[in-house]
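> model this:
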Amino acid sequence: MSQHEGDEMDYAADDYEMAEVDEDMYFRGRVVGYSESDDDDEYDHLDNKITDTSAADARKGKDIQGIPWERLSISRDKYRQTRLEQYKNYENIQHSGKGSEKECKPTKKGGAYYEFWRNTRSVKSTILHFQLRNLVWSTSKHDVYLMSHFSITHWSSLSCKKTEVLNVSGHVAPSEKHPGSLLEGFTQTQVSTLAVRDRLLIAGGFQGELICKYLDRPGVCFCSRTTYDDNAITNAVEIYDTPSGATHFMASNNDCGIRDFDMERFQLTKHFSFPWPVNRYHAIVGNDPHLTGGHTSLSPDGKFLVIVGDNPEGILVDSQTGKTITPLCGHLDFSFASAWHPDGNIFATGNQDKTCRVWDARNLSKSVAVLKGNLGAIRSIRFTSDGRFMAMAEPADFVHVYDAKNGYEMEQEIDFFGEISGVSFSPDTESLFIGVWDRTYGSLLQYNRRRNHSYLDSLL
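As a prediction, this is how the structure comes out:
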């Protein structure tokens, strides 16, 4: 992952530059519309007040994001084509996206697993680092947590109420005393990653900060700085329960380290180091100094860690010892996403070569499937808790939902405009939330699982 914030935000701005078609076009540096300030825009460039869009509105022909295509100098189809042709995908290894195409599995489009329910414009989801897109977390089919500038915000789709959970723009310090907690806290924390599970919320910062808060308690319970290394970005956090029932979380950082914390005792229990920054890890529970990266995922039985980062190869690791079991070969660039299927055998990794690779831990000689994005890197991956579906998110515009039960041969392509701050299925699989970052049309999209009960919607 790119280390320097200035560099990364410059690149994010480049990513966000929509196609320059005409000087008089409605977009200039944003998806649609333009604002000189960072304030939320309630009106588009045609002075139309931008409102939420419901499923009923969409059925009547309203654009799900409220974009008035009929009044603009370009059609939606034409703008989509321009985006596909001109969007610049970030690569650490040149031509990795092109090189990965030959292995990609053809998939059928037209799946209809989740249907549009609502686009909420009052909920503004934002991004700090252009490569880190895990800033949206659902805890129920009605409840979602996300970053909005310096505010960690809760949105209830049931009450349509937005609540600030924690503001990190000023001074944040723990209200509880625990050994190892940084009692002086932090000031103006730039949150790079977020995790929420049950009643526990953990925010990871750009300087290695960790802020832990129980949602049913006042104040912050624990603060820690994982490292004072100059290259300290917190790339990913995962909350999980050990086989004994204790709550732990793992943080992966740009200093090439993964740290495991016991939230019962508020203690660091493990610290593993690797040759390159870890962008994402994912566990199953039961170095280039100028680059950042890393993601780790813990298997459902807690035995294995999938670790990806600033290296085309990922690794499968013993979660107790940190020793490498086997490398994961196939990707052509750096990876920033991973996730385990709830069966504990299948996992997936997302890469800047525009692919998501699906693996079977019982035979890692090759990928089970190689799935291709449209615009750019696969920045986020999520499985439903029942294992039926897998969602993969690109940096912008597209979220793909695959039928994991039937071999990833069919997909639903969710198509919109804007950078993606995160995706999250609700624990009961009933809702899918997508955070969209844009000054004018930034919002929270909600899709609900299709259950063939559409007749009920006619009563609303």
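> in the stretch 201-350 of the chain, which spans are strands?
For the stretch 201-350 of the chain, the strands defined by DSSP state E, counting those that start in this stretch cover 209-214, 222-225, 234-241, 247-253, 257-262, 267-273, 278-284, 295-298, 304-309, 311-318, 324-328, 335-340, 346-351.
> give me the sheet partners of the fourth one and which way each runs.
Paired neighbours of strand 247-253 in the sheet (DSSP bridges): strand 234-241 (antiparallel), strand 257-262 (antiparallel).
> could you point out which of the ones you listed sits nearest H149?
When the strands paired with strand 247-253 are compared by CB to CB, strand 234-241 sits nearest H149, at 17.8 Å. (C-beta placed from N, C-alpha, C; glycine too.)
> sec struct for Y79, please.
What DSSP: H, G, I helix; E, B strand; the rest coil gives for Y79 is helix.
> hmm, back to that, mean pLDDT lowest where, among the strands of the stretch 201-350 of the chain?
Among the strands of the stretch 201-350 of the chain, strand 278-284 carries the lowest mean pLDDT, a mean of 49.
> wait, A251 sits on I258?
Yes. Using CB atoms under 8 Å, A251 is in contact with I258, at 7.2 Å.
> and of the strands paired with strand 247-253, who's closest to D198?
For these, the distance to D198 is smallest for strand 234-241, at 7.9 Å, taking CB to CB.
> tell me the buried residues in that closest one?
For strand 234-241, the buried set under the neighbour-count rule, 16 or more other CB atoms under 10 Å, comprises T234, N235, A236, V237, E238, I239, Y240.
> distance to V358 added to those, as a markdown table?
Converted to a markdown table, the buried residues of strand 234-241 look like this (distance: CB to CB, whole Å):
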| residue | distance to V358 |
| --- | --- |
| T234 | 27 |
| N235 | 22 |
| A236 | 19 |
| V237 | 24 |
| E238 | 19 |
| I239 | 24 |
| Y240 | 21 |
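> for stretch 191-198, C-alpha coordinates in CSV please.
Only the C-alpha atoms of stretch 191-198 are listed here, as CSV (Å, rounded to 0.1, in the frame of the first residue of the first chain):
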residue,chain,number,x,y,z
VAL,A,191,-9.2,6.3,10.6
SER,A,192,-7.9,4.0,7.8
THR,A,193,-9.9,0.9,8.7
LEU,A,194,-12.9,-0.1,10.8
ALA,A,195,-14.4,-3.3,12.2
VAL,A,196,-17.7,-3.7,14.1
ARG,A,197,-19.0,-7.0,15.5
ASP,A,198,-21.7,-7.5,18.0
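> give me the residues contacting it.
128-129, 132, 134-137, 139, 145-147, 150, 152, 168, 201-206, 215, 233-240, 249, 422 (CB atoms under 8 Å, 6 or more residues apart in numbering).
> same check, this time on stretch 148-162
38, 117-118, 120, 122-126, 141-147, 163-169, 188-189, 191, 194, 201, 203, 431, 444, 446.
> now, of those residues, which are buried?
Buried residues within the contacts of stretch 148-162, counting neighbours by 16+ other CB under 10 Å: 117-118, 120, 123-126, 141, 143-147, 166, 168, 189, 191, 194, 201, 203, 431, 444, 446.
> my read is G97 is in a strand, agree?
No. Counting by three-state DSSP, G97 is not part of a strand but helix.
> surely it touches N89?
Yes. Contact criterion CB under 8 Å: G97 and N89 qualify, at 5.7 Å.
> name the residue in the two with the higher neighbour count.
Of the pair G97 and N89, G97 is the one with more neighbours under other CB atoms under 10 Å, namely 23 against 18.
> can you pull out the helices in this structure?
All helices of the chain, identified by DSSP state H, fall at 5-16, 55-59, 76-86, 96-99.
> can you flag the weakest of these by average pLDDT?
The minimum mean pLDDT among the helices of the chain belongs to helix 5-16 (a mean of 38).
> follow-up on the earlier one: need the overlap of contacts for G97 and N89.
Common neighbours of G97 and N89, using CB under 8 Å, 6+ apart, are Q352, K354, G376.
> got a list of what the first one touches?
In this case it means Q352. With contacts defined as CB under 8 Å, 6+ apart, the neighbours of Q352 are 89-93, 96-97, 333-336, 376-377.
> now for this structure, the helix or strand with the poorest mean pLDDT.
Every helix and strand of the chain was ranked by mean pLDDT, DSSP states H and E. The lowest is helix 5-16, at a mean of 38.
> list just the nearest of the buried residues of strand 234-241 to I381.
For those, the nearest to I381 is A236 (11.6 Å; CB to CB).
> hang on, isn't that closest one packed against N134?
Yes. Using CB under 8 Å, A236 makes contact with N134 at a distance of 6.1 Å.
> on that earlier part again, can I get the strands paired with strand 247-253 in TSV including distance to V308?
Output for the strands paired with strand 247-253, formatted as TSV (distance: least, CB to CB, whole Å):
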stretch	distance to V308
strand 234-241	10
strand 257-262	12
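> out of those strands, which is closest to T269?
Of all the strands paired with strand 247-253, strand 257-262 sits nearest to T269, with 5.0 Å by CB to CB.
> outside of that closest one itself, list whatever touches it.
Counting by CB under 8 Å, 6+ apart, 210, 224, 226-227, 246-253, 267-274, 278, 281, 294, 296, 305, 307, 322 sit against strand 257-262.
> swap in stretch 136-143?
With contacts defined as CB under 8 Å, 6+ apart, stretch 136-143 is touched by 125, 144-146, 154-158, 194-198, 421-428, 430-431, 433-435, 444, 448.
> same thing but 6 Å
With CB atoms under 6 Å, 6 or more residues apart in numbering as the test, stretch 136-143 has contacts from 144-146, 156-158, 196, 421-422, 424, 426, 428, 430-431, 433, 435.
> one more: stretch 331-345?
With CB under 6 Å, 6+ apart as the contact definition, stretch 331-345 has outside contacts at 91-93, 96, 99-100, 131, 279-280, 282, 284, 293, 295, 297, 299-301, 306, 308, 310, 312, 347-353, 360-362, 378-383, 387.
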